[in-house]
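1. Attaching a predicted model along with its sequence, questions to come.
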Amino acid sequence: MSATMPSTPAAQPVHAMWGGRFQRGPADAFARLNHSLPLDLRLWPHDVRAARAWVVALADVGVLDEAEEVTLLRGLDQVGRRLAAGEGVGAGDEDVHTLVERLLYEECGSVAGKLNTGRSRNDQVATDLRLWTLEALEAVDSEVAALGQALLGQARDGVDLLLPGYTHGQPAQPVRWGYVLLAHAWPLATDRKRIDDVRDRVAELPLGSGAVAGSAIPVNRILLKETLGFRRVAPNALHVTGDRDFIAEALFALSMVSVHVSRLASELLTYSSVEHGFVRLPDEFCSGSSLLPQKRNPDVLELARAKSARVLGDLIGLLALVRSLPAGYSKDLQEDKAFLFGAFDTVLAVLPAMRGAVAGMVPRPERMAAALDPSLLATDLAEGLCATGVPFREAHRVVGALVREAERLGVPLNALPLDVARAVHPGLEGSIARGLEWEDSVERRGTPGGSSRAAVVTQIEDLGRRFGGAME
């Protein structure tokens, strides 16, 4: 649009929702900067849905007669069909709200001008964004549950597989493979609760707030709330039109999902390495090398780990965007959608891929068993000494000395010569370490949340309920 073009409806190449007080139209450079339709076009189903609810509310208070209500509702249905067919792609309209209004004019004529009676783009976009976010949170919740179920499936199959459990990246004690997988499933269960909690605060109706001070049209906002499926009506128009806390909370929830998935990916990267070989990833989620024929790269895990950085960046970007804004709407908020859509798109790309990788990976029990070193029974040996009356701190020192001697002699802990063991502690018979099996060690950890078989099965059953359906 030319900077000197008169701002009259007939002269403008696209529909405009404003311009009467301007002598000239926007400069091309500003029009390009202000053009948000390529980003916010995806809001069109929610904009049409909210517009339908607004038509009903206007008719309810007599602003529209019955014929006008029917005409506008039919027109909006047709607008929806046109947009679903892709008509909005590449359109020159300023934003999705302008696009919907222009198409409605084409369908209904001048009566379309009544649609925005008492309504502003400020409460429109706030409503559209909340509706979109509620729908997107539902999709993420479903994918989180699906990844959790994949972990549970592997955990059930791996209850009786034993491998080293690690702390500080070093082998610590023997644990069950299913138990390790559950350590990554529990955070996902918490993510589902967090998503549900965020969803409650997103479900607050802005529509009817007008631009800044509420609407002069006495629409029934309870009717709007019920029609659109919100849980409550926003209590302050100035606040809700500029409020993007719900986006920040949604992005935080997504960030936690991403962090948890990244940690799972990082651990599986280690376990699927040639050096460990505890699991083999399915071919469908690996890639090869352009130079090295033997390579089988776990790209799905590396990408999942990397994508978490993008989601974290979206959260920080949104917080930086809103940190200094006054109450009410500012055009800065046009940029909120890039962070919101980007984070959801990223998470909804990562979760199905990770679910497929987890569901298809194959554990390698022989490699897990080979990694079990007798030194992992050191704590059991110390606890055995405690059972004979030795204070734990003394037992800890004694067993540490035994480990040191075993390292010095180059023998496993349970093969340490009896005379060497007695030299460390005169009362030590050496039979405790020799007689202890891996399964015995794991089964001794039977407290709730522990790695014994019963404790692991209980956790699987509990998580099965948590991933089995909608959060209560």
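-> It's in. Numbers count the residues shown, from 1 in each chain.
2. how far out from the middle of the chain is stretch 369-378?
-> Mean-position distance between stretch 369-378 and its chain equals 37 Å (CA atoms, centre = their mean, to the nearest Å).
3. what mean pLDDT would you report for that stretch?
-> Average pLDDT, stretch 369-378: 94.
4. List of residues touching it?
-> With contact meaning CB atoms under 8 Å, 6 or more residues apart in numbering, stretch 369-378 is reached by 162-164, 171-174, 276, 278, 399-400, 402-403, 406, 412-415, 433, 436, 438, 441. Every residue, glycine included, has its C-beta placed from N, CA and C.
5. same thing with stretch 287-298?
-> 268-269, 272, 281, 283, 285-286, 299.
6. Same check on stretch 184-192?
-> Here stretch 184-192 makes contact (CB under 8 Å, 6+ apart) with 141, 144-145, 147-148, 151-152, 155, 253, 256-257, 260, 263-264, 267, 459, 463, 466-467, 471.
7. The stretch 251-400 of the chain: strands as residue ranges?
-> Assigned strands in the stretch 251-400 of the chain, in chain order: 279-280, 362-363 (criterion: DSSP state E, counting those that start in this stretch).
8. tell me which strands and helices the last one is in contact with?
-> Put plainly, it is strand 362-363. Of the remaining helices and strands, those touching strand 362-363 by 3 or more CB pairs under 8 Å, 6 or more residues apart in numbering; DSSP states H and E are strand 279-280.
9. just how off-centre is the strand it packs on within its chain?
-> 26 Å.
10. Let me see the mean pLDDT of it.
-> On average, strand 279-280 scores 98.
11. Next: stretch 438-449.
-> Here stretch 438-449 scores 94 as its mean pLDDT.
12. export it as PDB, just CAs?
-> Extracted in PDB, the C-alpha atoms of stretch 438-449 (Å, rounded to 0.1, in the frame of the first residue of the first chain):
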ATOM      1  CA  TRP A 438      22.600 -59.300  42.600                       C
ATOM      2  CA  GLU A 439      18.900 -60.100  43.000                       C
ATOM      3  CA  ASP A 440      19.400 -60.300  46.800                       C
ATOM      4  CA  SER A 441      20.800 -56.800  46.800                       C
ATOM      5  CA  VAL A 442      18.000 -55.300  44.700                       C
ATOM      6  CA  GLU A 443      15.300 -57.100  46.700                       C
ATOM      7  CA  ARG A 444      16.600 -55.600  50.000                       C
ATOM      8  CA  ARG A 445      15.500 -52.200  48.700                       C
ATOM      9  CA  GLY A 446      11.900 -52.800  49.400                       C
ATOM     10  CA  THR A 447      10.800 -49.500  50.900                       C
ATOM     11  CA  PRO A 448       8.000 -47.700  48.900                       C
ATOM     12  CA  GLY A 449       9.600 -46.200  45.900                       C
END
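13. Which of the residues in it are classified as buried?
-> Neighbour-count burial for stretch 438-449 flags 438, 441-445 (criterion: 16 or more other CB atoms under 10 Å).
14. Stretch 305-312 now?
-> Result for stretch 305-312 [16+ other CB under 10 Å]: buried residues 305, 307-308, 311-312.
15. By neighbour count, sort out the buried ones in the contacts of stretch 369-378.
-> Neighbour-count burial (16+ other CB under 10 Å) is assigned, among the contacts of stretch 369-378, to 162-164, 171, 173-174, 276, 278, 399, 402-403, 406, 413-414, 433, 436, 438, 441.
16. Report the helix or strand with the lowest average pLDDT across this protein.
-> Ranked by mean pLDDT, DSSP states H and E, the weakest helix or strand in the chain is helix 431-435, scoring a mean of 49.
17. Check which element follows it along the chain.
-> Downstream of helix 431-435, the next assigned helix or strand under DSSP states H and E is helix 438-443.
18. Quick one: residues contacting the closest residue in space to Arg194 that isn't next to it in sequence.
-> Of all residues not flanking Arg194 in the chain, Ala253 sits nearest, at 4.9 Å (CB to CB, 6 or more residues apart in numbering). By CB under 8 Å, 6+ apart, the contact set of Ala253 is 137, 140, 191, 194-195, 198.
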